[in-house]
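# structure, please.
(one chain, ligands or ions: 1)
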Amino acid sequence: MLKKMFFSPFGETRTPYSVVRIMIVIVVISYLLKHCKKEKRPWWKNSIVYQIYPRSFHDTNGDGTGDLKGITAKADYLYDLGVKTLWISPFFTSPMADSGYDISNFVDVDPIFGSLADLDELLKTMHSKDIKVVLDFVPNHSSDEHEWFQRSLRREEPFADYYVWADPKGFSDSGNPIPPNNWLSKFRGSAWEWREERGQFYYHQYHRKQPDLNYRNLRLQEEIKFWMDRGADGFRVDALKHLFEVEDLSLDEPVNEEAGVEDNLQYNYLKHPFTMNQPETFEVVRDWRKMMNTYSDKWFTLCRDLTPPLAPWARLLIVQVYNKDIQDVVKYYGSDTDPLADFPFNFRIIKKLHNRSDVTGTRLMKIIDEWFDNLPEGKWPNWVLGSHDHSRVASRLGADLVDALNMLTLLLPGTPVTYFGEEIGMQDTEISWEDTKDPQGRNFGPDHYRKHSRDPCRTPMQWDATANAGFSKGPSTWLPVNDNYKTLNVKAQSEARESHLKVYKTLARLRQESSFAKGKLAFPVVTDEVLAFIRYLEDEPTYLVVLNLSENDVVVDLHQHTNLELPPDASVITRSVSDKSEENSPGPKVSLSALMLVKGEGLVLQLTFAKEIE
Ligand code: GLC
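Residues are numbered from 1 along each chain as shown. Just a heads-up that it's a prediction; the model follows:
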């Protein structure tokens, strides 16, 4: 019957019954066409991207390191949290010189994290809860223990030029080979490492155990397909801007006078015109984009070709690029006719605000405006507050700001990126030199490692008040658990009447509402102390978010300062946990003429209307 309906809709005789069948086919096709054309909203636009650092999320086998089974075991937590996309940092085979960003087999799971079967189980579980899973893709380098590198070292074909090899510039008086140029590694020191076996240097942008792949000879594509075949919903591409270096390896990079860095082995001592953002990078991203767009489950082939963005099966492509000039970042979006990444991470909040006193309403407004003003036509914003490479929000910007900043990033238009643990306001952990694992920290030695180590933000997730914060049942953990876990943990915050976790869940639920998902945006008040924004959509509720970014309690008269006509009062939907007042407790009406906010507080209010002043 089905076969007949789809493959032989005209039948031999045109009975009224076959007319019905034709009509059904027409209706189905027009439905698909209509929705494929109209609904340009892929799944990741409504989603929060939640970054899981697998080593630190949950350990199920007691070895002190998190694993894939541990992520799967927390599926209900993730579902309740309201995050619809997970980005999992590398769990591929690795000697762990850079916590898994040094991969020795791109298409397998490292035993410390589990097995491919565990990943299949994870994908199945998350998909059954309608949670997408994005993997980390590290195309710039492999581990020096990767078979390709070992064979390249022996000049075996076709591996001989898989990496960036160069002859020495000369030899010192004592006979030591001199690197071909002055390029520096991001982890400090020369970016060149000599290998006697080959009589050449190889280039490593990061750790010496992370040799750079030579993109003029090899382009990782099969590795992407491998994971998509297993059900991955997308990729976060690591260190993209370093994919290519100039071909002429005799060129030295110039000293960065403005940076004022004295240590000539430190990366920022130099400017980097020859080792980043080379034009060929865009060709590679374009190829990945095309491949990912044409790649889909066979059932959806027809619709995929119509408009990939519609599809719940569209794959997400995020790229990690840090550039000072915003134009050098947003060009990774490409355009409607030449699509590249779905988005490059927006690290502006992290990069422009370094401590509590940097956070003001006007500065945040500038950061928000800058992204919107430079966003290419038809592209979607994103907001990143933290990652495994940066100090945690509560420690970097202030524990009092945790809820307010989550309100900002979850309720502005765009996709927010939450680093695991930020939903409970986890803080950096003090790590001794002896316990330090991060190669970037270790390269600076015992006197300076604190300024450079990324370990403090990578410590285990704090689940409850039991030993090891409920992260592991083993005798010890790969990095120490923060001492504050007895009070700062998921369980305590689930049980508390008000908590960061509860605020976060409310925000995650709210952002699904049309006013936030598709609504317009206005900023009625922007001062150094206060940033307020309104999200509204015809026939839908209007919301006002007010953030007191100052370090003092304030009383705001929203009628005085606003550029919009607002009602006399509003009801409170949620507020920062630091506000214990009766007036602002969720529910009852508060006066917009005298809104009291404690330091660092955010309030989400529902209004009966907000009108432009004529
Ligand atoms: C990216 C990652 C970082 C890693 C580096 C090398 O910057 O975020 O953690 O050390 O790439 O792969």
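
# which residues of this protein score low on pLDDT?
Applying pLDDT under 70 to the chain flags the ranges 1-16, 31-40, 295-312, 613-614.

# what helix or strand is F533 located in?
For F533, the host element (DSSP states H and E) is strand 530-536.

# so how far is that strand off the chain centroid?
Computed by Cα atoms, centre = their mean, to the nearest Å, the chain-centroid distance of strand 530-536 equals 24 Å.

# please name the residues that touch the residue of the stretch 51-200 of the chain at minimum distance from the ligand.
Across the stretch 51-200 of the chain, the shortest distance to the ligand (Cβ to the nearest ligand atom) belongs to Y101, at 3.3 Å. No exception for glycine: its C-beta is placed from N, CA and C like everyone else's. Y101 makes contact with 89-90, 94, 136, 138, 206, 210, 238 under the criterion Cβ atoms under 8 Å, 6 or more residues apart in numbering.

# between these, which sits nearest S18?
Nearest to S18, judged by Cβ to Cβ, of the contacts of Y101 is D136 at 52.6 Å.

# for that closest one, list each beta-bridge partner.
Taking DSSP bridges as the rule, D136 bridges to R236.

# count the neighbours of it for me.
Neighbours of D136 under the rule other Cβ atoms under 10 Å: 21.

# I figured it hits A232, correct?
No. Using Cβ atoms under 8 Å, D136 is not in contact with A232; the gap is 10.3 Å.

# what residues does G234 make contact with?
Contacts of G234 were listed using Cβ under 8 Å, 6+ apart, and they are 44, 85, 132, 134-135, 292, 315-318, 342.

# could you dump the residues you listed into CSV with neighbour count, secondary structure and distance to T487 added?
Below are the contacts of G234 laid out as CSV (neighbours: other Cβ atoms under 10 Å; DSSP: H, G, I helix; E, B strand; the rest coil; distance: Cβ to Cβ, whole Å):
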residue, neighbour count, secondary structure, distance to T487
W44, 25, helix, 35
T85, 24, strand, 30
K132, 25, strand, 33
V134, 24, strand, 32
L135, 23, strand, 34
M292, 21, helix, 44
R315, 24, coil, 41
L316, 24, strand, 36
L317, 25, strand, 40
I318, 26, strand, 34
D342, 25, coil, 39
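
# for the spatially most central residue of the chain, what are its contacts?
For the chain, the residue nearest the mean C-alpha position is V417 (4.9 Å; Cα atoms, centre = their mean). By Cβ under 8 Å, 6+ apart, the contact set of V417 is 48-51, 87, 345, 382-385, 387, 409.

# contact residues of this structure facing the ligand?
Residues of the chain lying close to the ligand (Cβ under 6 Å from any ligand atom) are 98, 101, 138, 206, 238-239, 320, 388-389.

# nearest to V27, of those?
Proximity of those to V27 (Cβ to Cβ) peaks at Q320, which lies at 44.2 Å.

# verify the stated contact: that closest one with A341.
No. Using Cβ under 8 Å, Q320 makes no contact with A341, being 9.8 Å away.

# between those two, who's got more neighbours?
Neighbours per residue, other Cβ under 10 Å: of Q320 and A341, the larger number sits with A341, 24 against 21.

# which SS class is the more buried one?
At A341, secondary structure determined by DSSP: H, G, I helix; E, B strand; the rest coil is coil.
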